[in-house]
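Peer 1: Sequence and predicted structure are below.
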Amino acid sequence: MPANDLALLIEAAKAAGEIASPFAGQNPEVWDKPDDAGPVTEADLAVNRMLEAELQAARPDYGWLSEESEADDARLNADHVFIIDPIDGTRSFIKGENTWAHSLAIAHKGVVTAAAIYLPLLGKLYTASAGEGAFLNGKPLSIGTRTDLIGAEVLAARPAMDVVNWAQMPQVNRSHRPSLAYRLSLVAEGRFDAMLTLRKTWEWDVAAGDLIVQEAGGVTRDKKNAPLRFNNPDPRLRGMIATNPDLLPQILGALA
């Protein structure tokens with residue numbers, strides 16, 4: 001990984017915040033994407049245009065995978081690929097809330113090597129580079145150390161806790177944040193013990209958070225206990241679990 005890949009992502013994330021923030025809470029124009037894929041706003045598209053132009057100009061040999069760009073299978077032949085969610089938590093953004101994020105990652109041969117998650121309205125910039133640790137606004141992050149799943153603080157959408165998903169329903173305290181990138185960052189920060197999503201999960205929602213959690217000392221797996229790999233032909237993962245090494249086997253053991 002080029003040594004300045006993370007610096008490139010940080011600069012781009014901050015520029016994204018400058019574009020998106022003036023739209024927040026100002027009734028941006030909204031469209032519904034085909035196939036019930038959710039809403040997209042004029043801010044999502046403006047951020048995506050800037051990121052695609054600037055990042056691809058800086059790294060023309062890197063592939064490109066973004067929620068708001070047309071699919072381009074050329075990325076599958078690239079050793080490095082940008083994995084981008086211009087605004088993660090678009091519904092939150094539309095409502096005028098402050099927990100949406102810009103999620104930017106670079107993967108090398110399927111493994112994320114640089115990541116930045118920026119929540120401009122909260123002033124939070126989470127960053128990580130492979131082997132260099134994870135940080136919030138420049139301060140090191142450390143995963144939580146809880147060893148007992150009972151009573152753990154878990155970030156998950158309500159459908160993830162449906163009894164159909166569990167052989168043994170875990171006795172945990174469930175919380176929620178609209179942005180998957182932010183949920184992963186909060187686990188890396190040690191404010192929550194685990195994050196899980198059991199639906200098919202788009203790579204751009206979790207790629208940056210995957211590295212940030214791992215560099216904070218955590219572990220990430222899909223719901224079948226396989227390590228996560230990125231830049232797949234179908235850019236959807238089999239869900240995701242992010243937690244510390246003690247809680248992971250307990251969560252996997254409780255799943256159906």
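Peer 2: Yep, it's here.
Peer 1: Now do the least confident helix or strand in the chain by mean pLDDT: which elements does it pack against?
Peer 2: Ranking every helix and strand in the chain by mean pLDDT, DSSP states H and E puts strand 30-32 at the bottom, with a mean of 79. Contact partners of strand 30-32 among helices and strands, from 3 or more C-beta pairs under 8 Å, 6 or more residues apart in numbering; DSSP states H and E: strand 39-41. Using the backbone N, CA and C atoms, a C-beta is placed for each residue, glycine as well.
Peer 1: buried residues in the strand it packs on?
Peer 2: Neighbour-count burial for strand 39-41 flags 40-41 (criterion: 16 or more other C-beta atoms under 10 Å).
Peer 1: Restrict the helix or strand that comes right after it to CA atoms and write it as CSV.
Peer 2: Heading C-terminal from strand 39-41, the first helix or strand you meet, by DSSP states H and E, is helix 42-58. Output in CSV follows, covering the C-alpha atoms of helix 42-58 (Å, rounded to 0.1, in the frame of the first residue of the first chain):
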residue,chain,number,x,y,z
GLU,A,42,-28.6,15.2,-4.5
ALA,A,43,-25.9,15.4,-1.8
ASP,A,44,-25.0,11.7,-2.2
LEU,A,45,-24.5,12.2,-5.9
ALA,A,46,-22.5,15.5,-5.5
VAL,A,47,-20.2,13.8,-3.1
ASN,A,48,-19.8,10.7,-5.3
ARG,A,49,-18.9,12.9,-8.3
MET,A,50,-16.2,14.7,-6.4
LEU,A,51,-14.8,11.5,-4.9
GLU,A,52,-14.7,9.6,-8.1
ALA,A,53,-13.0,12.4,-10.0
GLU,A,54,-10.5,13.2,-7.3
LEU,A,55,-9.6,9.7,-6.1
GLN,A,56,-9.4,8.2,-9.6
ALA,A,57,-7.2,11.0,-10.7
ALA,A,58,-4.9,10.4,-7.8
